[in-house]
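Q: Pasting the sequence and the predicted coordinates here, then a few questions.
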Amino acid sequence: MSHLQISPDAPLLVRDAATALLALHISAGATGIVSGFAAVAFRKGGRSHQLAGTVFFVSMLTMSAIGAGVSPMLSDRISSAMGMLTFYMVATGWMTVQRRTGRVGRFEVGALAAVLGVGAYLLVLGRIGQATPRGLVDGTQPYMLGYVFGGLALLAASLDLRVIRRGGVTGAARLARHLWRMCFALFVASGSLFLGQPQVFPAPLRNSPLLIGLAVAPLAFLIFWMIRVRLKRLSLPRELSLPLQPASLQPAE
């Protein structure tokens, strides 16, 4: 979301609101990237990891909600749908560590319905873009993005359905669910900045291996952790295995 298409004749209040939304979107995205990389680096379950994860959670929800919510002012429906998908990924990844092991509720059912809708929307956008002479959705994004991320959304939906049918998720599967969703959200943010907005960096860095590496690093984290979790059958650290709540409400040992 590099700009909001606001008419110069629009009221000053509308233009100021658009500028404020853009600033909040950018700052939330930058904060999400920094905190996301920090959360990956810190010891899992430690206080620093939890703090960085909380900042990442709030920042990414803010960024993705703005990206999805201002679609009437954008000419990029793929980015709007990606905002919805990212919001879903962060929310469900967070809820995985908040929900007690082996339990599901209305949230998971609602999330499944939402991601099914987002996935179908992305696939439709991909088909619309494929039918254009240049193969672009709204003249900006390759149609394949609709198919790729639409398929990913439907994959996430199938995993949600599996969790609901089993009555929850436990052990290594629970950690894997948390990690891949958060790493994907971090990839969306890093890719949007380092690959989607190269003009904000000095000319010598644009399209450099450094920016490309930073953009795809979350995918490398994702692959590393999925292999490690599956091979070693890791589970959530105890510090992350209980809902965040005041100490007085924590269950007794």
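A: Done, it's in.
Q: hang on, isn't Val115 packed against Leu161?
A: No - using C-beta atoms under 8 Å, Val115 makes no contact with Leu161, being 10.1 Å away. (Glycine included, C-beta is placed from N, CA and C.)
Q: These two: which has the busier surroundings?
A: Val115 (24 against 14; other C-beta atoms under 10 Å).
Q: The more buried one and Trp94: what is the separation?
A: Counting by C-beta to C-beta, to the nearest Å, the separation of Val115 from Trp94 is 15 Å.
Q: what helices or strands is the one helix or strand in the chain whose mean pLDDT sits lowest leaning on?
A: In the chain, no helix or strand scores lower on mean pLDDT, DSSP states H and E than helix 12-41, which sits at a mean of 83. With contacts defined as 3 or more C-beta pairs under 8 Å, 6 or more residues apart in numbering; DSSP states H and E, the packing partners of helix 12-41 are helix 47-69, helix 171-194, helix 209-232.
Q: who does the last one touch, helix- and strand-wise?
A: The criterion is 3+ C-beta pairs under 8 Å, 6+ apart, and the helices and strands that helix 209-232 contacts are helix 12-41, helix 171-194.
Q: need those in JSON lines with distance to Tyr143 and mean neighbour count, can you?
A: JSON lines is the format used below for the helices and strands packed on helix 209-232 (distance: least, C-beta to C-beta, whole Å; neighbours: other C-beta atoms under 10 Å):
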{"stretch": "helix 12-41", "distance to Tyr143": "25", "mean neighbour count": "17"}
{"stretch": "helix 171-194", "distance to Tyr143": "18", "mean neighbour count": "22"}
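Q: export these to a markdown table and tack on distance to Ser208?
A: Converted to a markdown table, the helices and strands packed on helix 209-232 look like this (distance: least, C-beta to C-beta, whole Å):
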| stretch | distance to Ser208 |
| --- | --- |
| helix 12-41 | 17 |
| helix 171-194 | 10 |
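Q: Before I go, just wanted to say thanks for your time.
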